[in-house]
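1. quick one, structure for this:
(8 chains)
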8 protein chains.
Amino acid sequence: MDQEQLRSLLEQVHNGAIDIDSAIQRMRHLPFEDLGFAKVDHHRALRHGMPEVIFAQGKTAEQVLAIAQALLKNSPNVLITRADRACAALVLENLPEAEHLPLSRVIRFWRDRTVRGKGKIAVVCAGTSDMPVAEEAQATAEVMGNDVVAIHDIGVAGIHRLMHNRERLVEARVCVVCAGMEGALPSVVGGLVSCPVIAVPTSVGYGASFHGLAALLGMLNSCASNVTVVNIDNGFGAGYVASLINRP
Amino acid sequence: MDQEQLRSLLEQVHNGAIDIDSAIQRMRHLPFEDLGFAKVDHHRALRHGMPEVIFAQGKTAEQVLAIAQALLKNSPNVLITRADRACAALVLENLPEAEHLPLSRVIRFWRDRTVRGKGKIAVVCAGTSDMPVAEEAQATAEVMGNDVVAIHDIGVAGIHRLMHNRERLVEARVCVVCAGMEGALPSVVGGLVSCPVIAVPTSVGYGASFHGLAALLGMLNSCASNVTVVNIDNGFGAGYVASLINRP
Amino acid sequence: MDQEQLRSLLEQVHNGAIDIDSAIQRMRHLPFEDLGFAKVDHHRALRHGMPEVIFAQGKTAEQVLAIAQALLKNSPNVLITRADRACAALVLENLPEAEHLPLSRVIRFWRDRTVRGKGKIAVVCAGTSDMPVAEEAQATAEVMGNDVVAIHDIGVAGIHRLMHNRERLVEARVCVVCAGMEGALPSVVGGLVSCPVIAVPTSVGYGASFHGLAALLGMLNSCASNVTVVNIDNGFGAGYVASLINRP
Amino acid sequence: MDQEQLRSLLEQVHNGAIDIDSAIQRMRHLPFEDLGFAKVDHHRALRHGMPEVIFAQGKTAEQVLAIAQALLKNSPNVLITRADRACAALVLENLPEAEHLPLSRVIRFWRDRTVRGKGKIAVVCAGTSDMPVAEEAQATAEVMGNDVVAIHDIGVAGIHRLMHNRERLVEARVCVVCAGMEGALPSVVGGLVSCPVIAVPTSVGYGASFHGLAALLGMLNSCASNVTVVNIDNGFGAGYVASLINRP
Amino acid sequence: MDQEQLRSLLEQVHNGAIDIDSAIQRMRHLPFEDLGFAKVDHHRALRHGMPEVIFAQGKTAEQVLAIAQALLKNSPNVLITRADRACAALVLENLPEAEHLPLSRVIRFWRDRTVRGKGKIAVVCAGTSDMPVAEEAQATAEVMGNDVVAIHDIGVAGIHRLMHNRERLVEARVCVVCAGMEGALPSVVGGLVSCPVIAVPTSVGYGASFHGLAALLGMLNSCASNVTVVNIDNGFGAGYVASLINRP
Amino acid sequence: MDQEQLRSLLEQVHNGAIDIDSAIQRMRHLPFEDLGFAKVDHHRALRHGMPEVIFAQGKTAEQVLAIAQALLKNSPNVLITRADRACAALVLENLPEAEHLPLSRVIRFWRDRTVRGKGKIAVVCAGTSDMPVAEEAQATAEVMGNDVVAIHDIGVAGIHRLMHNRERLVEARVCVVCAGMEGALPSVVGGLVSCPVIAVPTSVGYGASFHGLAALLGMLNSCASNVTVVNIDNGFGAGYVASLINRP
Amino acid sequence: MDQEQLRSLLEQVHNGAIDIDSAIQRMRHLPFEDLGFAKVDHHRALRHGMPEVIFAQGKTAEQVLAIAQALLKNSPNVLITRADRACAALVLENLPEAEHLPLSRVIRFWRDRTVRGKGKIAVVCAGTSDMPVAEEAQATAEVMGNDVVAIHDIGVAGIHRLMHNRERLVEARVCVVCAGMEGALPSVVGGLVSCPVIAVPTSVGYGASFHGLAALLGMLNSCASNVTVVNIDNGFGAGYVASLINRP
Amino acid sequence: MDQEQLRSLLEQVHNGAIDIDSAIQRMRHLPFEDLGFAKVDHHRALRHGMPEVIFAQGKTAEQVLAIAQALLKNSPNVLITRADRACAALVLENLPEAEHLPLSRVIRFWRDRTVRGKGKIAVVCAGTSDMPVAEEAQATAEVMGNDVVAIHDIGVAGIHRLMHNRERLVEARVCVVCAGMEGALPSVVGGLVSCPVIAVPTSVGYGASFHGLAALLGMLNSCASNVTVVNIDNGFGAGYVASLINRP
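-> Model prediction:
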């Protein structure tokens, strides 16, 4: 409609109903994004294959349901993260297409299963306690159209188990590596592969892990040059960036 | 030569000079990487287009020179980071092909200028004080075969300057964003583009910036989902990962 | 009554019942604030248009009610902050004039609605999770006699939404900006407007937000010169100072 | 000139040289700030009475001089902060109008001395060691057109000295309070006055002051509701915001 | 009895039943504290007027009761700190002499009420939320035989209330000052009095108070030379040391 | 079976069914640990006398039970740490050989009670609140075949109690010392003994103990040269390393 | 002179030159401390036996000299702390009575050597590196009229050396204990003596001592109830408070 | 001689020159360590094979020389750590037996080269920058009579180099592992070997390594159970404890 405002203004310019100086003056007050800017966002959504994400934390179950219902009208795939049990129950009851992953507290609607990624994304985690974060990364990457290889429970103190999976790691086009405690796994994986590694510190640990701070610092100081880091427990962010990297 | 050991062992197996059980026994003690493992590294180097990097900090000028001379025999491109003036002087005197970037303390040998990257890498910095870090990222990405677009001195408090460069940002396939102080620029850039953003906190700032900690925390907590983070002042790491992402 | 003490002493001086040296001696022991000092406070209250605030946290519902009843005798407007549900229920039951804002846990008595502020106060928040803090700021500024413009859910990663509200921001005489996570919004707003910006870090965030520390540090290091900061989640303080600035 | 582009486009619309759809299409690619946006900045500068500030830290003396010379063509008043001795010497030699305040490392050109502020700004400091920061605040506020009252060396451990200056504090329309060590002075001043107090933690202190962190935390936790805080040692920022608040 | 061992050994030396070398040898293995060392502890207890304190936190109600019953046989006064409601109920039911202070979670047996202190101890707190800590300090000092003056709810932002109590502060021989938030009160009190001030940071505060850290740092950096500090919320320790200082 | 793969390959080499170059080629892709590597782990388990530990935290009671049942088939001794009450109830009900230590939340199966350690391990704790951690260390060391001397409730503020136990400390071959609060006990013990001391900071403390950080830093900075440190509350780790040191 | 103002006002009251209401009105504006308040400070100085201290850090040598010269006119004893070599040289050259203690960077004028303290003050330090801080404490306590017992180089890892000095410690009326690294000595001393212990963390240490933070936290968490703490390296503060405690 | 005092006292008891009660009384005041206690220290020294260590930091070259000369009279081996160039020059000039290791700033006198250790000590470091710390550990372990295997420059990002040295690691009886940056190497080594691993965080790193804090936290949170940690850069401590563990 704002384009209509502009069109109407230009028509007035064309037919002399308004002089050019006044037109310039009025243009200054047009919100610039109405000149087509919002379309960029729309295009981006189409290009990404995942129009919307709902962060359920801090929202009521009813709010999450309502937002999901609205989004599903235009978006084949919708991802809900950090949904508690009550929220999941309500959504599943009302939207039977929903898939619930209780470990990672993810709900997803994965109706368009086209694979858009160029290669595989490996999602690795150090211990079973890191699995909720890894699962969030995996669910995110999948719903964004990627083929995911999940490799679980591979700690640096049992390096031969890592070596055993070397080939699967080397084949991936991006690696997401989740680890708590000392957070050393991304460095070791980073040394084995030549693709980008996205490190996710988890809040798993005891005492001086300080809720993931030790792992976070470890990953930021990685001696492997192909490692970048996202926030503590941010499996979603890691899966999201991995998907972007994996676009052809 | 270790392959020779293996070959010789297998020949003994073949001609019966050693029985199979003894052969298995001896194989267990062969260092596994001698079974061709090291070749992976070599292949990786070839594939990356940048065989070696020298971190000059903590090394004498003479050591840096010697390492550079050795590497240049096999590697068309060599990158030296964190080289002080004395180091640069010695290297430049002895290796006239060297290019010295005093601001970022980088020395580079950029003999193979083939562009390997699929798209452009944008390297953005928030203020002039962040330029040394941005330049290190740019030098790294260039020597790894990328076309780099440098956009300098774009702070979040002057958002229209950022908007002015929107089109150049949107065209990039990866963005590296360097910022000190509050470290907000990667979030704003991340919201404008749909490609991965690598955020580099810089140690630029006063008082409660705590040598880059404020910027680091800001970037890790970015509300833009396409942002990942490297260590404070780690321009090299950002340029390196950006290059990996930009590979076709 | 202490003024009475002084008056009586001076009368004794006047009629010679006490000599001057003894009078001086006794005066030294008069508490100085009894010489009219307390009146300053009273005047201040009148001038501010908001005599008293009750911080409900750490007080029983009964204590809050009793204090509120006492204050309402002299004060047209009373603000209660951080009131839990039980407290709100008791106050609302006994004092039907009370208005309860459950999101921000504010209860207010807003009987004198005179507008005392010279211009408008914009209260901006970055995400829906920051709304409780923003609402506390708004409720405070309103009850102190200000016209408040509320602008919600404007993140730095969606900069065009901010731009869309530019005009409303530019018109304000003071801006209060609430943001968690990376806390970058005050810097961006600070660059758009020329009035003072009061930044309120919120404890909203995950992992390395460290309960608002990341946002706090971000705001303290703002590259916009017109930004000052209050404590984490301190919406009341921001609304209070904004009101003082907005006085004619 | 970009306005010229727009004007020329509209003229083409007017005389039919371009049809309206094509005009809209081209308008989308015009940088929006060219539609008069930059003028806002210009107006702001005029309204503020201080067009430009140069942060000398991290710039060479020659760079600072060149920028100053350029700015002085359009701006009556220019402020240079954090200028070291070499920088000051060069500027003073070339620009004799410059005034150098060595304690605060400020250089200023104060050619337009119109008083624009409505009331007085009090700049208070706790100890003699805090004076450099206080002087930076004072120099900033003065060059922005304010009448400044400087009150030095008033610590909370000698409360009667503060009381002695009570009247001067109460008369101010804004207070800037600089303190290191425990940073308690802003709270005490905040309780005495009813105007906004801008607290500046300084890096003055020993041991567990942690370069101003103790003072910073103290000020953020002030029990006085009229206190806001800027970064450690940021006298400039405090003087700047105080000037904005003091505008009529 | 161990003295008996020694006596018996010496008797053997005296009557030649053991030679001197063997006696020396055996003496090396006598636990040294059995040579009368333990008596020091006993004397100390008598001299202090408070033989034992029970820290109830981390003990069951039954354990606390049993220890109290044992101690009361020899000790006229017993202090129990950090006792929860269940613990208090059990102790009060079984030991009717017990006095329970629910605010500070103290239980005390105060049978010997002799005043041993030379002067008065002032216990000051900044806000009503600091009262539990202040009460613990007061209860401790009283049960150790001191005359305590309690001065509550005196914040630095209302300095005239402090001034009003100046005389009572000046008369004290030791001051205990409890404050949360910015923790500035000990500095102000320290400047008014010439006796030692024991500062107790409390965990009262919001956001960047970080559970008492802000107050703790503030107090350690006090500009008043007569201030020393105890742990956060350690009212007991402050009351204990104040009692020691107040001994004649 | 993978050994079988290798054997079959070598047989083919032997009988000429495959040429040597092809054999080498295929060997590169054999996972190296299949060449007998896993046996090392098995041997290690046998040598240690304790094949497996289950960290119960983050696992369901059912999961813990199932793992325990599986491990008990091959392992005489199994240790379960951090088991809550529900977990313990289920395990004890199903596996009557289990021994439950509720204080330390340890469950252990101690069927092979051979003493493997060369000397004694002293496990010392500073206060009764540190006993859960000490008990975890003791249970670990015992189940790994060591003779443990437990010395409880020996604080540095009652140094004569420590002296009283000097002889028992001096006799030990390794000391584990658990302490919270200021964490000073390992330094004092370290000065008395000439064997290695493993310090375990506990999260016991108040206020500025920061959940064991104070004790941790104290121990890392010990002035006794024979002290090394494990993570906060990590009694298991301390008992484990002590056992390794105590091997003959 | 302000007393003169008051006297003159009272005379006017007496002779009716001013009516009582006007007198009260004028009195409100008299600065209260002019009513004899400053005398308190004077009395305090006399009672303390040490009128003034000069913190030399941050002052020029000339400033320190000038202040010292002024103070010496009224004060028999003057203490200068943190004086560098240049400062000491200038003061010693001009004021031959000065005594310079280079280790602690103290200069003192100790002309009145009356012993005012009731008992002895023990100043203990853990290692030779802590001696500068201990010497500052000793110099302060001495110049304030105390008999000081210095006990050096007594670490907790050599507890028998501490025991050797037990009798000297027990005799003291106050102990000042300086320690870096783990800061455990005050706890051990606190357990041996029954008098107040003032703990001074020193910045001596390596790595994770974090410039005295480890020692500071250790001392705040002391398990000995008679320990209070001053700032890192604050030998002056410790000596000052010890003197106050030691007053009869 | 104190034994002489005791002997003389006992002789007096024996011959009746003193009665038993008086003897007991006098014995209480004998320093207990004179009863043979000091011998323990002497014995310990002999048993350790390394009587004394001199920490040169904070001492003058002359002091270090004098202490070394004194110690060399009784001790075959003396170790000086953290000696700067000036100190080394003076010691080498005067004591030609001295061996100087400039990288680690160690000086040692290694006259008794008896091997006392039971097995080998492996000293591993992650990068060339960690070599000074590793060398300090090696020098310490050697001078204490151990056979040391040095393995340098083995990072976790090049895991095959570590694997290459697996056999040498597995043969060691203790491992010392020095690493900066993310500090992951001890975890990986700990998983490969079954002996105790002493982890030494080094201050090597950039930005968010925070001078070794990242490595320290990483090591404390190691997922390998056989890892204990010493202070940042404390190569001496690691070598010392490794020697104690390696005693037969």
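2. how close does residue A:218 get to residue D:221?
-> Look at residue A:218 and residue D:221: by Cβ to Cβ, to the nearest Å, they are 32 Å apart. (Glycine included, C-beta is placed from N, CA and C.)
3. and the helices in chain A?
-> Counting by DSSP state H, chain A has helices at residues A:2-14, A:20-27, A:37-48, A:61-72, A:85-94, A:131-143, A:159-164, A:166-171, A:185-192, A:213-220, A:235-246.
4. and for residue A:137, the neighbour number?
-> 33 (other Cβ atoms under 10 Å in any protein chain shown).
5. for the residue in chain A that chain G sits nearest to, list the residues it contacts.
-> Taking Cβ to the nearest Cβ, chain G has its nearest neighbour within chain A at residue A:208, 10.9 Å off. Applying Cβ atoms under 8 Å, 6 or more residues apart in numbering or on different chains, we find residue A:208 in contact with A:214, F:212, F:213, F:216, F:231, F:232, H:217, H:220, H:221.
6. so the last one sits against residue A:214, correct?
-> Yes. At 4.7 Å, residue H:221 counts as touching residue A:214 under the criterion of Cβ atoms under 8 Å.
7. which residues do these two both contact?
-> A:181, A:182, A:183, A:205, A:208.
8. make JSON lines out of these and add distance to residue H:243 and pLDDT.
-> Below are those laid out as JSON lines (distance: Cβ to Cβ, whole Å; pLDDT from 0 to 100):
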{"residue": "A:181", "distance to residue H:243": "29", "pLDDT": "92"}
{"residue": "A:182", "distance to residue H:243": "26", "pLDDT": "89"}
{"residue": "A:183", "distance to residue H:243": "31", "pLDDT": "93"}
{"residue": "A:205", "distance to residue H:243": "31", "pLDDT": "86"}
{"residue": "A:208", "distance to residue H:243": "27", "pLDDT": "89"}
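9. out of those, who's nearest chain F?
-> residue A:208 (5.3 Å).
10. and for the closest residue to that closest one other than its chain neighbours, the neighbour number?
-> Spatial nearest neighbour of residue A:208, chain neighbours left out: residue H:220 (4.5 Å); criterion: Cβ to Cβ, 6 or more residues apart in numbering or on different chains. Neighbourhood size, residue H:220 [other Cβ under 10 Å]: 30.
11. over to residue A:147?
-> 16.
12. turn the contacts of residue A:208 into CSV, including pLDDT.
-> Formatted as CSV, the contacts of residue A:208 follow (pLDDT from 0 to 100):
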residue, pLDDT
A:214, 94
F:212, 93
F:213, 94
F:216, 96
F:231, 96
F:232, 96
H:217, 95
H:220, 96
H:221, 94
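13. quick one: low-confidence parts of chain A?
-> A:1-4, A:25, A:27-51 (pLDDT under 70).
14. neighbours of residue A:165, just the number please.
-> Neighbour tally, residue A:165, other Cβ under 10 Å: 18.
15. next, give phi and psi for it.
-> Note on residue A:165: backbone dihedrals following degrees, to the nearest 10 are phi -100, psi 10.
16. please name the nearest non-neighbouring residue to it.
-> residue A:151 (5.2 Å).
17. ok, the one you found touching residue A:123?
-> Yes. Counting by Cβ under 8 Å, residue A:123 is a contact partner of residue A:151 at 7.2 Å.
18. count of neighbours near the residue in chain A that chain E sits nearest to?
-> Residue nearest to chain E within chain A: residue A:210 (13.6 Å; Cβ to the nearest Cβ). By other Cβ under 10 Å, 19 other residues sit near residue A:210.
19. for residue A:103, same thing?
-> 12.
20. residue contacts, it?
-> Taking Cβ under 8 Å, 6+ apart as the test, what residue A:103 contacts is A:131, A:132, A:135.
21. between the residues you listed, which is nearest residue A:247?
-> For those, the residue nearest residue A:247 by Cβ to Cβ is residue A:135; the value is 22.4 Å.
22. who in chain A is up against chain G?
-> Contacts of chain A with chain G, taken as Cβ under 8 Å from any Cβ of the partner chain, are absent.
23. rewinding a little: for residue F:201, see how far away the residue nearest to residue A:208 is.
-> In terms of Cβ to Cβ, residue H:220 sits 9 Å off from residue F:201.
24. common neighbours of these two, please.
-> With Cβ under 8 Å, 6+ apart as the test, residue H:220 and residue F:201 both reach A:207, F:216, F:229, F:231, F:232.
25. from the residues you listed, which ones fall inside strands?
-> residue F:229 (DSSP state E).
26. mind putting the shared contacts of residue H:220 and residue F:201 in a markdown table, distance to residue D:242 included?
-> Shown next, in a markdown table, are the shared contacts of residue H:220 and residue F:201 (distance: Cβ to Cβ, whole Å):
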| residue | distance to residue D:242 |
| --- | --- |
| A:207 | 46 |
| F:216 | 44 |
| F:229 | 50 |
| F:231 | 49 |
| F:232 | 46 |
